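Asker: Have a look at this prediction, sequence included:
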Amino acid sequence: MVATQKPFQTWPMLIFLAAIWGGSFLFIRIAAPALGSIFLMAVRVALAAAALLGYALSQASLPNFRRYWKHYLVIGALNNAIPFVLIANAVIDLNASLSAILNATTPLFTALAAAVWLREPFGWRRGLGVLMGILGVVILVGFSPIPYSTKVLLAVVQSLLAALSYGLGAVYTRTRFQGANPIHTSLGQLTGSTFLLMPLAALSVPVASPTLIVVLATLTLALLGTSFAYLIYFRLITAAGPTTAASVTFLVPFFSILWGVIFLQEPLSLGMFIGLGVILSSVKLVIG
């Protein structure tokens, strides 16, 4: 049975997690242009995996890599390697705020994947939610403060493909790791994505040495925005249940916009907030 805590106990965890994940887009926006998307994300997952491995060793609880290594590679690709690289590519030509808003469509793709893969009932409410989500993306892109170009359109597509990958990863994880220790699953997928990205990273080592701000952004993204954030997320699931934990989806874009405006002076527009409102309303319909 899932333990429950009072709202004043769970809300600080929820807001703190949203602030961290909202900041992840900021750190990617800083580090990706200097290090390259693949190299940055390889370093991110490797450092995060090492940190979680240390935590798992301290708890004397390690995943069964020998038994589940193939599944860890699959979820490592779907939940980390593919979406991380796509988002890093997108953030370079978009910005942290728009990328985070587009990433909020992940529950829509998860619902579609579950309907097709698991034959889950879709229903009119989820169908309406998906249509609203599409409308929200159209509004967001059409009224974006960033001048329209082929690169911007490609970045939008990559952001949506990243959300699709997250959706497929969520469904695959549900089918293969239902009831598994979440720390084992998290460490397994980070290890899998490390093995997938490191050979590619060896072929894309940056020529110039990174600046101090790039190094700090990378370390913060890996240790705070990945490994530590996972620990908070899974603790939140245990404390308040998966529905409350999933509501972090609604808060991340707001923090990403806030950090982008404060630290990167990213532009705002009315269309951004209208698109965000429509997308989050669609997510509400889909996840209930």
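Answerer: Now that the structure is in, tell me what you want to look at.

Asker: pLDDT score assigned to Ser144?
Answerer: You'll see Ser144 listed with a pLDDT of 86.

Asker: number of nearby residues for Cys216?
Answerer: I think there's a mix-up here, since residue 216 is Leu and not Cys. For Leu216, the count of nearby residues is 14 (other CB atoms under 10 Å). Where you see a C-beta, it was placed from the backbone N, CA and C, and this is true even at glycine.

Asker: For the stretch 1-150 of the chain, which segments count as helices?
Answerer: Using DSSP state H, counting those that start in this stretch, the helices of the stretch 1-150 of the chain run over 7-35, 37-58, 65-76, 82-93, 96-103, 106-117, 123-142, 150-176.

Asker: Of the ones you listed, which is nearest Ala217?
Answerer: helix 7-35 (4.2 Å; CB to CB).

Asker: Show me what that closest one is packed up against.
Answerer: The helices and strands touching helix 7-35, judged by 3 or more CB pairs under 8 Å, 6 or more residues apart in numbering; DSSP states H and E, are helix 37-58, helix 82-93, helix 96-103, helix 212-219, helix 229-240, helix 242-246, helix 248-264.

Asker: got the buried residues for it?
Answerer: Buried residues in helix 7-35, defined by neighbour count with 16 or more other CB atoms under 10 Å: 10, 13-14, 17-32, 34-35.

Asker: CA atoms only for stretch 253-264, dumped as CSV, please.
Answerer: What follows is stretch 253-264, C-alpha atoms only, in CSV (Å, rounded to 0.1, in the frame of the first residue of the first chain):
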residue,chain,number,x,y,z
PRO,A,253,7.1,24.5,-17.8
PHE,A,254,6.4,27.4,-15.4
PHE,A,255,9.7,26.9,-13.8
SER,A,256,11.5,26.5,-17.1
ILE,A,257,9.9,29.8,-18.3
LEU,A,258,10.9,31.5,-15.0
TRP,A,259,14.5,30.4,-15.1
GLY,A,260,14.8,31.2,-18.8
VAL,A,261,13.6,34.7,-18.3
ILE,A,262,15.7,35.3,-15.2
PHE,A,263,19.0,33.8,-16.3
LEU,A,264,18.9,33.7,-20.1
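
Asker: Give the rounded mean pLDDT of it.
Answerer: Per-residue scores along stretch 253-264 average to 94.

Asker: Which residues does that stretch contact?
Answerer: With CB atoms under 8 Å, 6 or more residues apart in numbering as the test, stretch 253-264 has contacts from 18-19, 21-23, 25-26, 29-30, 95-97, 99-101, 103-104, 266, 268, 272, 276, 280.

Asker: Okay, buried residues for it please.
Answerer: Neighbour counts using 16+ other CB under 10 Å place Pro253, Phe254, Phe255, Ser256, Ile257, Trp259, Gly260 of stretch 253-264 among the buried residues.

Asker: how far is it from where the chain is centred?
Answerer: 16 Å (CA atoms, centre = their mean, to the nearest Å).

Asker: Report the rounded mean pLDDT for stretch 166-176.
Answerer: Stretch 166-176 comes out at a mean pLDDT of 91.
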